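S.K.: Sequence plus predicted model, see below.
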Protein chains: 2
Amino acid sequence: MKKYQIIREDLKQKIQLGEYVEGDLLPSENELCSTYFITRTTARKALDELLKEGFIERKHGKGSVVRERRKSLGLLNVKGFSDAVGDNVRTVFLQKPVISSWSRSIHFPVSDAEKDMPCIYFERLRYVGDVPVMLESNWIADFGMTGIIESEFVEGSFFRTLSRNYSIEIIGSEQELRAEFASKEIAELLQVKIIAPVLHISVKFKTSQPKLNIYSELYCNTENYPIGNSYNI
Amino acid sequence: MKKYQIIREDLKQKIQLGEYVEGDLLPSENELCSTYFITRTTARKALDELLKEGFIERKHGKGSVVRERRKSLGLLNVKGFSDAVGDNVRTVFLQKPVISSWSRSIHFPVSDAEKDMPCIYFERLRYVGDVPVMLESNWIADFGMTGIIESEFVEGSFFRTLSRNYSIEIIGSEQELRAEFASKEIAELLQVKIIAPVLHISVKFKTSQPKLNIYSELYCNTENYPIGNSYNI
DNA sequence: TAGTGGTCTAGACCACGGT
DNA sequence: CCGTGGTCTAGACCACTAG
C-alpha cells in the first residue's frame, strides 16, 4: 500500500464514518505531514484524490472542506437521494446476491475471463418516499468473495463492501444512456404506464482489480427525480 | 499562465491538430523537462491533467499514449460521433450566435451576475448520417467576447473557441437527465413521433472564469445512437 | 540493460483568507 | 499578520516494458 493511499483511505473512512461531516475542515497539509511523517507532495496527492472522488473541496487560504457525503451509486446521483434525509429514501432488494448465470441483459460485452467465473447477481429498487424511482440490476464476476452472499452490505453500499472487505476500488466507468418506453415488467415495478418514457442507463464500472468489472442496468422514472451527475476537472 | 498549463495546452493543441494521433507516444517526462526547462513534478502535473481530461493514457515503462481524439460536447459523447468519421457527422446551426434575452428554458438557475450581462444564444442540430440525433441549445453570458458572433468557431467547437480566443477552460459540469416525451417542435426537429421518448439533458458547464457558466439544454434521439459518458478516477 | 512512468523527500516562494 | 493551499525545484529510488 502506497503512503498516499493509506492517508487517502484513512481520511475517506473518517468522512464515511461521520468523524468529519459536511463543511468540516480536514487537517491541513502541514498537519498531515507531521502526523504521517511525509512531505507535502504526498499529502497533496492523497487530498488530490479525495478531491477527484468528490469527498472534499479545497479552498485556497482556508483548507480542505468536506463535501456532502455521497450516498449514491458512484457517479450518478438520484437528485433527492442526497438531499432527502433518512427515511425518505429506501432501498429494497428484489433479489439478494445470488450465484447466477451471466445474463444477456448486460449491455456492455463481458470478457471471457469474467464469463469463466460464476456470476453474482442482485437487484434493487430504490424509492424516494413511496415512489419507486430506480430499478437497478447488477452483475459481477465471483472471484472468490467469501461471505458476499450471506452478509449485509457495509452501510448498505456495495461499493463500500468491496472497498472494506476486498480492497477493491472503483476506478472508472463507462455509461450509455437511452430514453425508452418502459417494458411491461419495468412499468409495473416503477409504477408507471407502459408507454411512459424511462431512462435506461447501462454502466460498466471498472475496478482496481484488472479485468474485474461491475455491470449494471438501471431503469429510472425521471418524472419527479431526474438523475444528476456532476464532474470536476 | 502557470508552467504546467502551458505544457498541457501545448500538448493538447498538438493532439487536437493531429500532430499526435491515437496510439502515438507523447514526449517522455524527461524530454518535456529538458525542452521546457522544468522539473518532472511540473511535467507530470501537465500530463496528469491530460490524463484526467481523457487525452492520454499512461503506460508504466512505456510512456504517455494518445487516446481517441474527443470531438464531442465535453463530457458527453454521442456514441458514433467519435467512431464515425468525417462526413458521417454533421452539425447544422439552427441559430447562429446572437445576443438574446435569458430564456426560461434554462433548467439550472442563472446567477444575478450573469443575468446582468447580455446573453449569447445559439442552437445546433447534430446529425449522424442523415439522422438528426441531438438538438442543442446553448446560453452563455456575454462578458465581452468580441468577434464571437461574427466569426466561425475554432474547428467547429465552441469550447475550443473559448480556450483559444478567450483563455476560458471548462472545469466541470452539472447535469440532470430525464426521459421525456418529445414536444411537437422537438419531435419535428429530431424527426421522431410526438410520443417518442427522448433524452433531455440539462447541463451547466462551469468555466475557469468564476461565475461564468455555459447552460445547455440537449434533446437526444437515443434510438440508434445512445449517449455515452466515461469517467476515470 | 536502458528508458519509462510511479512514488517520495526536503526544501522554496507565492497568493489567498481571516484575525 | 500567520496559516492555508498552489506552484515549482532538484534530487532519489523503485517497478515496469522492451530490445
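M.R.: Thanks, I have the structure now. Please read these numbers as outputs of a predicted model, since none were measured by experiment.
S.K.: What segments of chain A are strands?
M.R.: With DSSP state E, the ranges of strands along chain A come out as A:56-59, A:63-66, A:77-78, A:89-100, A:119-128, A:131-141, A:170-181, A:197-207, A:213-220, A:227-232.
S.K.: Could you tell me the least trusted of those strands?
M.R.: For the strands of chain A, mean pLDDT drops lowest on strand A:77-78, to a mean of 48.
S.K.: I'd like the domain boundaries of chain A, if you could list them.
M.R.: A:3-67, A:71-228 (automatic domain parsing).
S.K.: between those domains, which gets nearest to DNA strand D?
M.R.: Closest to DNA strand D of these, according to CB to the nearest atom of the strand: domain A:3-67, at 3.3 Å. Using the backbone N, CA and C atoms, a C-beta is placed for each residue, glycine as well.
S.K.: okay if I get the domains of chain A as CSV plus distance to DNA strand D and mean neighbour count?
M.R.: Putting the domains of chain A into CSV (distance: least, CB to the nearest atom of the strand, whole Å; neighbours: other CB atoms under 10 Å in any protein chain shown) gives the following:
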stretch, distance to DNA strand D, mean neighbour count
domain A:3-67, 3, 16
domain A:71-228, 10, 17
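S.K.: Between those domains, which one is closest to B:Arg104.
M.R.: domain A:71-228 (17.5 Å; CB to CB).
S.K.: From A:Glu150, how far off is the residue of chain A positioned farthest from its centre?
M.R.: The outermost residue of chain A, judged against the average C-alpha position, is A:Ser34 (32.3 Å), by CA atoms, centre = their mean. The spacing between A:Ser34 and A:Glu150, counted by CB to CB, to the nearest Å, is 43 Å.
S.K.: for A:Ile140, same thing?
M.R.: Applying CB to CB to A:Ile140 and A:Glu150 gives a distance of 16 Å.
S.K.: Could you do A:Arg178 as well?
M.R.: A:Arg178 is 35 Å from A:Glu150, by CB to CB.
S.K.: Now render the strands of chain A as TSV, adding distance to A:Gly156.
M.R.: Shown next, in TSV, are these (distance: least, CB to CB, whole Å):
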stretch	distance to A:Gly156
strand A:56-59	23
strand A:63-66	20
strand A:77-78	14
strand A:89-100	6
strand A:119-128	10
strand A:131-141	13
strand A:170-181	16
strand A:197-207	17
strand A:213-220	16
strand A:227-232	19
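S.K.: In a markdown table: these, plus distance to chain B.
M.R.: Output for the strands of chain A, formatted as a markdown table (distance: least, CB to the nearest CB, whole Å):
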| stretch | distance to chain B |
| --- | --- |
| strand A:56-59 | 11 |
| strand A:63-66 | 16 |
| strand A:77-78 | 10 |
| strand A:89-100 | 18 |
| strand A:119-128 | 15 |
| strand A:131-141 | 12 |
| strand A:170-181 | 4 |
| strand A:197-207 | 3 |
| strand A:213-220 | 7 |
| strand A:227-232 | 4 |
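S.K.: wait, which of those is closest to B:Val133?
M.R.: B:Val133 lies closest to strand A:170-181 among those, at 11.8 Å (CB to CB).
S.K.: any idea of the angle that closest one forms with strand B:213-220?
M.R.: Here the directions of strand A:170-181 and strand B:213-220 differ by 50 degrees (axes from the mean of the first three to the mean of the last three CA atoms, to 10 degrees).
S.K.: okay, the domains of chain A in JSON lines with distance to B:Glu185 next?
M.R.: Output for the domains of chain A, formatted as JSON lines (distance: least, CB to CB, whole Å):
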{"stretch": "domain A:3-67", "distance to B:Glu185": "36"}
{"stretch": "domain A:71-228", "distance to B:Glu185": "17"}
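S.K.: Out of the ones you listed, flag the one nearest B:Leu94.
M.R.: Closest among these, using CB to CB: domain A:71-228, at 21.0 Å.
S.K.: you'd agree A:Thr222 is up against A:Val198?
M.R.: Yes - the pair A:Thr222 / A:Val198 is scored as a contact, 7.5 Å apart, by CB atoms under 8 Å.
S.K.: residues from chain A in reach of DNA strand C?
M.R.: A:2-4, A:37-42, A:45, A:59-62 (CB under 7 Å from any atom of the strand).
S.K.: Alpha carbons of stretch A:174-181, as CSV, please.
M.R.: The C-alpha atoms that make up stretch A:174-181 are tabulated as CSV, following Å, rounded to 0.1, in the frame of the first residue of the first chain:
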residue,chain,number,x,y,z
GLU,A,174,-18.5,3.8,-19.0
GLN,A,175,-22.1,4.6,-19.4
GLU,A,176,-24.7,4.5,-22.1
LEU,A,177,-27.9,6.4,-21.8
ARG,A,178,-31.1,5.9,-23.6
ALA,A,179,-34.7,7.2,-23.3
GLU,A,180,-37.1,4.2,-23.9
PHE,A,181,-40.6,3.2,-23.3
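S.K.: Most proximal residue of chain A with respect to DNA strand C?
M.R.: For chain A, CB to the nearest atom of the strand, closest residue to DNA strand C: A:Gly61, 2.5 Å.
S.K.: gap between the two ends of stretch A:151-164?
M.R.: 13 Å (CA to CA, to the nearest Å).
S.K.: Oh, that last question was meant for stretch A:151-165, not what I typed.
M.R.: 11 Å.
S.K.: Do any residues in it lie close to chain B?
M.R.: No - Stretch A:151-165 lies out of reach of chain B by CB under 8 Å from any CB of the partner chain, never closer than 12.0 Å.
S.K.: Which residues are in contact with A:Ile38?
M.R.: Residues counted as contacts of A:Ile38 (CB atoms under 8 Å, 6 or more residues apart in numbering or on different chains) are A:Lys3, A:Ile7, A:Leu32.
S.K.: Return the residues in contact with the spatially closest residue to the second one that is not a sequence neighbour.
M.R.: In other words, A:Ile7. Once flanking residues are discounted, A:Ile7 sits nearest to A:Ala46: 3.9 Å by CB to CB, 6 or more residues apart in numbering or on different chains. Counting by CB under 8 Å, 6+ apart, A:Ala46 touches A:Tyr4, A:Gln5, A:Ile7, A:Arg8, A:Leu11, A:Leu32.
S.K.: Just the pLDDT at A:Ala46, thanks.
M.R.: 96.
S.K.: returning to that earlier point: tell me, what's touching A:Thr222 and A:Val198 both at once?
M.R.: By CB under 8 Å, 6+ apart, the residues touching both A:Thr222 and A:Val198 are B:Ala179.
S.K.: What's the separation between the nearest residue to A:Leu50 once chain neighbours are set aside and B:Arg164?
M.R.: Among residues not flanking A:Leu50 along the chain, A:Ile56 sits closest, at 4.8 Å (CB to CB, 6+ apart). Counting by CB to CB, the separation of A:Ile56 from B:Arg164 is 32 Å.
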